[in-house]
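>>> no FASTA, just this:
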């Protein structure tokens, strides 16, 4: 049997909810072979909730019929209220009622026992690839077709080339990117860029002029008498 392996696939923190210990151990061995972290195994919903609260979860693999007062479907609903984890159901049941209840929970896969290892490997690997793409997308903010901003490294890129900004220029850019209504008043710039120092308008204009020279295609718009904004209509 060929195992799916890829060092570039994102490592997932996984919780297994399964009251058959031999099945839980088998699933854990598959996940570890794929390079993922199994933070814990639980036979009931309450224990699973405690695990997620304590250790977090990227992926929940849950049997539907488990020990305790809540089944795997209700457990998945409760856990997804705590975190936006991916869910895979593994069960021996595929009757209409069970399928309809499972459909109420956003999930990535539904495997019927006895499942093949390759089936679980494929689903988990797809989830890992999607999770990595989402994480990269969240880190990289596309401003337009020319400029992107990396939140992790606090760096502006122009056509994938790093733009070297001064600290004040970087603060100005962050003020633009974080503006909820899209507009950054002059007074707010004074507070964020110059830490509330008393500056004259010419000092502010000089900063903007230097910024525009470094990034000549940046979609910056002056709102006369008010401040600046990113021009989303360009």
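All right, it came through fine. Everything numeric in this text was worked out from a predicted model, so none of it was measured.

>>> in the strand or helix carrying residue 175, what counts as buried?
Element membership for residue 175 (DSSP states H and E) is helix 167-178. Residues 168, 169, 170, 171, 172, 173, 174, 175, 176 are the ones in helix 167-178 that count as buried (16 or more other Cβ atoms under 10 Å). C-beta coordinates here come from the backbone N, C-alpha and C atoms, glycine included.

>>> Heading C-terminal from the helix or strand bottoming out on mean pLDDT in the chain, find the next helix or strand.
Lowest by mean pLDDT, DSSP states H and E among the helices and strands of the chain is strand 140-142, with a mean of 78. Along the chain past strand 140-142, the next helix or strand (assigned with DSSP H and E) turns out to be strand 147-150.

>>> Could I get the buried residue list for that next one?
Residues of strand 147-150 classed as buried under the neighbour-count rule (16+ other Cβ under 10 Å) are 147, 148, 149.

>>> pretty sure the first one is touching residue 218, no?
Yes. Using Cβ atoms under 8 Å, residue 147 and residue 218 qualify as a contacting pair, with a distance of 6.0 Å.

>>> Specify the local secondary structure of residue 189.
Per DSSP: H, G, I helix; E, B strand; the rest coil, the secondary structure class of residue 189 is helix.

>>> Next, count neighbours for it.
For residue 189, the count of nearby residues is 21 (other Cβ atoms under 10 Å).

>>> repeat for the one 10 residues further on
With neighbours defined by other Cβ under 10 Å, the count for residue 199 comes to 15.

>>> Kindly report the same for the one 3 residues further on.
Other residues within reach of residue 202, judged by other Cβ under 10 Å, total 8.

>>> what do you get for residue 98?
Neighbours of residue 98 (other Cβ under 10 Å): 18.

>>> Residue 118 too?
By other Cβ under 10 Å, 13 other residues sit near residue 118.

>>> And it, how far from residue 30?
10 Å (Cβ to Cβ, to the nearest Å).

>>> Could you point out which of the buried residues of helix 167-178 is nearest to residue 63?
Nearest to residue 63 among the buried residues of helix 167-178, counting by Cβ to Cβ, is residue 174 at 46.4 Å.

>>> Check what pLDDT the residue nearest to residue 156 when sequence neighbours are not counted gets.
Nearest residue to residue 156 in three dimensions, chain neighbours excluded: residue 163, at 4.4 Å (Cβ to Cβ, 6 or more residues apart in numbering). pLDDT for residue 163: 93.

>>> one step back: out of the buried residues of helix 167-178, who's nearest residue 74?
residue 174 (42.5 Å).

>>> ok, and the closest non-adjacent residue to the closest one?
Counting by Cβ to Cβ, 6+ apart, residue 174 lies nearest to residue 192, which is 7.6 Å off, once chain neighbours are set aside.
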